[in-house]
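Student: Turn this into a model:
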Amino acid sequence: FFSHSTPNLATVIPAMDVIDQCLTSYSRNLKYLPSICAAVGLAKKTLDRYYQLTDSSEVYRIAMVLHPHHKLSYFKTAGWEDEWIKTAEALVRDEFERSY
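Tutor: This next block holds a predicted model:
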């Protein structure tokens, strides 16, 4: 996820998505003790709280849309709601018009 060992904003959401998928899978896996599943569930809850915080900052969405690899296709592939995708695109356009 990180190029040259340096994280950037455009990699935060994809990394969180992968971690979320793993935590979801582990928390539902019956081969683990209930205590392990509960601990993983708490970790997922914590991750979800931080994930929600990314909505309060426009820079994450702008960075994702401007990233040459992601653009809007990441959100479409990840199954994000159309309204959210339209909002992300509008944020980039608005910021461009405001700054340039």
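Student: how near is the closest residue to residue 23 other than its chain neighbours to residue 60?
Tutor: Nearest non-adjacent residue to residue 23, counting by Cβ to Cβ, 6 or more residues apart in numbering: residue 44, 4.1 Å away. Every residue, glycine included, has its C-beta placed from N, CA and C. As for residue 44, its distance to residue 60 is 20 Å (criterion: Cβ to Cβ, to the nearest Å).
Student: Low-confidence ranges, this structure, go.
Tutor: Counting by pLDDT under 70, the chain has low-confidence residues at 1-5.
Student: ok, the spatially most central residue of the chain - contacts?
Tutor: Among the residues of the chain, the one closest to the centroid is residue 13, at 2.5 Å (Cα atoms, centre = their mean). Shown in contact with residue 13 (Cβ atoms under 8 Å, 6 or more residues apart in numbering): 54, 60, 64, 74.
Student: you'd agree the last one is up against residue 14?
Tutor: Yes: under the contact definition of Cβ atoms under 8 Å, residue 74 touches residue 14, with a separation of 6.9 Å.
Student: Need phi/psi at residue 82.
Tutor: Backbone torsions for residue 82, taken as degrees, to the nearest 10, come to phi -60, psi -40.
Student: picking up where we left off before, check the burial of the residue nearest to residue 23 by counting its neighbours.
Tutor: Neighbourhood size, residue 44 [other Cβ atoms under 10 Å]: 18.
Student: same question, the one 10 residues further on
Tutor: Here the number of neighbours of residue 54 (other Cβ under 10 Å) works out to 16.
Student: what helix or strand is the residue nearest to it when sequence neighbours are not counted on?
Tutor: Of all residues not flanking residue 54 in the chain, residue 60 sits nearest, at 4.5 Å (Cβ to Cβ, 6+ apart). Assigned by DSSP states H and E, residue 60 belongs to helix 58-66.
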